[in-house]
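S.K.: Provided below are the primary sequence and the corresponding predicted coordinates.
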Amino acid sequence: MCSSVKKIMLVAGEQSGDQLGVGLIKALRAIYPNAEFYGIGGSKMMAEGFVSHYEMERLAVMGFIEPLKRLPELLSMLRGVKRLFRETKPDIFIGIDAPDFNLKLEKEAKRLGIMSVHYVSPSVWAWRQGRIKGIKKSVDLMLCLLPFEAEFYKKHDVPVAFVGHPLADKFELDPDQAGARKQLGLNNKQVAEAKLVALMPGSRSSEVGFLLPMMLDAAAQLVKRYPDLRFVLPAANKARQQQILDLLDGVLPPYIDLLLEQSHEAMTASDLVVMASGTTTLEAMLLKKPMVICYKWPPFTWAILSRLVKVPWVGLPNLLANKEVAKELLQDAATVENLVEELDSLIRESNKSQEITSLFKTLHLKLRNDASASAAKAISEQYQRSLA
């Protein structure tokens with residue numbers, strides 16, 4: 001237990017950061033019981049005695065247009081936090097995700113002699129790798145959730161610690177599939193014994209518009225081959241639910257169960273998942289589900305991304321395994337024919353699915369590292385080194 005740290009300032013930019021922040025505050029308080037925690041955070045952090053000087057939701061901006069519209073307010077917040085540095089003189093500053101905002105603060109903290117930490121690596125390893133130079137000038141310690149991220153920073157001589165992923169701590173090693181089916185009302189004998197596929201077309205309107213028609217066509221073809229096959233389709237929200245019903249002309253095929261939200265339960269209940277690329281692929285991996293990853297971008301966006309991205313895969317399970325364990329059907333490869341072929345292979349080859357499930361369990365164990373406690377320990381050790 002150390003008592004030299006009196007003030008720890010944190011800035012979280014959205015709900016996921018608030019969740020990470022509350023775990024980190026609890027872990028840091030075990031090391032620094034008398035420390036004061038303040039900055040920008042959400043309701044979970046504030047419930048732990050954190051003092052937020054701004055509403056966290058004001059930082060939660062997405063895309064390209066909204067940040068421009070809100071630029072004066074964001075710049076005002078940036079100046080305000082920098083002013084807090086000078087007025088309160090924290091021992092440690094921790095930016096949680098929100099790299100566009102936090103890296104500017106971390107650079108200022110470092111300039112003022114305040115130890116600067118960034119929690120959750122931006123995807124600099126995947127694209128715009130030139131950003132590493134700015135990160136190196138801004139942070140005294142990078143905390144990574146994924147092991148391959150830490151390897152990237154080590155190659156560029158940036159102080160780094162792999163702390164594990166909080167979701168890996170949260171998810172059970174052996175998910176309760178039967179319990180999930182019961183919770184969703186899918187536990188009658190016919191459904192309980194059926195092979196169940198979760199269709200996960202994404203949470204954005206554009207994703208659903210691009211991907212769901214392909215998934216529905218593939219489902220219709222597969223049911224002809226496997227009459228007992230069933231599908232669950234969780235809508236991310238009421239707007240996506242209505243969009244799905246519109247695409248189906250209000251008529252739901254008898255082999256598909258449409259759910260509102262409940263994506264976690266749908267994946268847990270399923271045997272296979274076909275899904276949009278994104279962070280949800282990590283959840284599917286932690287639930288040990290063989291999957292097919294699909295995505296389509298507007299042609300101009302794809303033309304740019306395909307030149308900028310420096311990694312061979314987009315799916316986190318593949319990046320973690322360093323091989324394609326989840327088939328990726330991207331852009332022109334995202335066709336009904338390809339999707340049917342890949343799902344049919346997973347349905348028929350049970351040994352293949354078992355091998356994938358076993359590998360996902362191994363990867364889960366690698367990511368399970370008591371992330372909050374590991375992050376707090378790494379911060380404390382780096383702080384002690386900074387005093388030497």
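M.R.: Alright, I've got the coordinates. Note that the structure is a prediction, hence the values are computed from the model and not measured.

S.K.: drop to CA atoms for contacts and neighbour counts, all remaining ones
M.R.: Fine.

S.K.: Where do the helices of the stretch 1-150 of the chain begin and end?
M.R.: For the stretch 1-150 of the chain, the helices defined by DSSP state H, counting those that start in this stretch cover 15-31, 43-46, 65-69, 71-88, 99-111, 132-138, 147-155.

S.K.: can you put these in a markdown table and add mean neighbour count and distance to Leu367?
M.R.: Output for those, formatted as a markdown table (neighbours: other CA atoms under 10 Å; distance: least, CA to CA, whole Å):
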| stretch | mean neighbour count | distance to Leu367 |
| --- | --- | --- |
| helix 15-31 | 19 | 15 |
| helix 43-46 | 19 | 24 |
| helix 65-69 | 12 | 33 |
| helix 71-88 | 14 | 33 |
| helix 99-111 | 20 | 22 |
| helix 132-138 | 17 | 24 |
| helix 147-155 | 17 | 8 |
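
S.K.: how about those, which one is nearest Phe171?
M.R.: If you check each of the helices of the stretch 1-150 of the chain against Phe171 by CA to CA, helix 15-31 wins as the nearest, at 15.1 Å.

S.K.: Show me what that closest one packs onto, helices and strands only.
M.R.: With contacts taken as 3 or more CA pairs under 8 Å, 6 or more residues apart in numbering; DSSP states H and E, helix 15-31 sits against strand 7-12, strand 36-41, helix 43-46, strand 92-96, helix 371-387.

S.K.: pLDDT of the single longest helix found in the chain, averaged?
M.R.: Counting by DSSP state H, the longest helix found in the chain is helix 205-225. Averaged over helix 205-225, pLDDT sits at 94.

S.K.: low-confidence ranges in the chain?
M.R.: 1-3, 60-70, 125-128, 130, 187-193, 302-305, 308-311 (pLDDT under 70).

S.K.: At the geometric centre of it, which residue do we find?
M.R.: Thr279 (3.8 Å; CA atoms, centre = their mean).

S.K.: Surely that residue touches Pro317?
M.R.: No - the pair Thr279 and Pro317 fails to qualify as a contact (CA atoms under 8 Å) at a distance of 9.9 Å.

S.K.: that older thread, in JSON lines: the helices and strands packed on helix 15-31, plus distance to Ala266.
M.R.: As requested, these are arranged in JSON lines below (distance: least, CA to CA, whole Å):
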{"stretch": "strand 7-12", "distance to Ala266": "30"}
{"stretch": "strand 36-41", "distance to Ala266": "31"}
{"stretch": "helix 43-46", "distance to Ala266": "27"}
{"stretch": "strand 92-96", "distance to Ala266": "30"}
{"stretch": "helix 371-387", "distance to Ala266": "26"}
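
S.K.: Ok, which of those comes nearest Leu167?
M.R.: Here helix 371-387 is closest among the helices and strands packed on helix 15-31 (CA to CA), at 9.0 Å.

S.K.: So what touches the closest one?
M.R.: The contact list for helix 371-387 (CA atoms under 8 Å, 6 or more residues apart in numbering) reads 20, 23-24, 27-28, 31, 92, 115, 117, 141, 143, 145, 161, 163-166, 169.

S.K.: coming back round to it: let's have the helices of the stretch 1-150 of the chain in a markdown table, adding distance to Gln354.
M.R.: Formatted as a markdown table, the helices of the stretch 1-150 of the chain follow (distance: least, CA to CA, whole Å):
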| stretch | distance to Gln354 |
| --- | --- |
| helix 15-31 | 32 |
| helix 43-46 | 38 |
| helix 65-69 | 45 |
| helix 71-88 | 49 |
| helix 99-111 | 38 |
| helix 132-138 | 39 |
| helix 147-155 | 24 |
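
S.K.: Got the domain ranges for the protein?
M.R.: Using automatic domain parsing, the domains assigned to the chain come out as 7-164+369-387, 170-367.

S.K.: Any idea how far apart the tips of the shortest one sit?
M.R.: Across domain 7-164+369-387, the terminal residues are separated by 16 Å (CA to CA, to the nearest Å).

S.K.: Just checking the distance from it to the centre of its chain.
M.R.: 17 Å (CA atoms, centre = their mean, to the nearest Å).

S.K.: Not counting residues beside it along the chain, what's closest to Leu346?
M.R.: Leaving aside its chain neighbours, Leu346 sits nearest to Ser353 (6.1 Å; criterion: CA to CA, 6 or more residues apart in numbering).

S.K.: Hmm, Pro290 and the one you found touching each other?
M.R.: Yes - using CA under 8 Å, Ser353 makes contact with Pro290 at a distance of 6.0 Å.

S.K.: These two - which one has more neighbours?
M.R.: Pro290 (25 against 21; other CA atoms under 10 Å).

S.K.: Could you find the closest non-adjacent residue to Trp313?
M.R.: Leu319 (6.5 Å).

S.K.: With Val51 instead?
M.R.: Tyr38 (4.5 Å).

S.K.: residue contacts, the closest residue to Gln331 other than its chain neighbours?
M.R.: Closest residue to Gln331 apart from its sequence neighbours, by CA to CA, 6+ apart: Lys296 at 4.5 Å. Lys296 is in contact with 207, 210-211, 330-332, 334, counting by CA under 8 Å, 6+ apart.

S.K.: could you redo the last one with a cut-off of 10 Å?
M.R.: 206-207, 209-211, 276-277, 302, 329-334 (CA atoms under 10 Å, 6 or more residues apart in numbering).

S.K.: likewise Leu184?
M.R.: Neighbours of Leu184 in contact, by CA under 10 Å, 6+ apart: 232, 257, 259, 262, 265-266, 269.

S.K.: redo that, cut-off 8 Å
M.R.: Leu184 neighbours (CA under 8 Å, 6+ apart): 265-266.

S.K.: now it: how far from Ala334?
M.R.: Counting by CA to CA, the gap from Leu184 to Ala334 is 29 Å.

S.K.: go on, Tyr38?
M.R.: For Tyr38, the distance to Ala334 - CA to CA - is 46 Å.

S.K.: same thing with Ser270?
M.R.: 22 Å.
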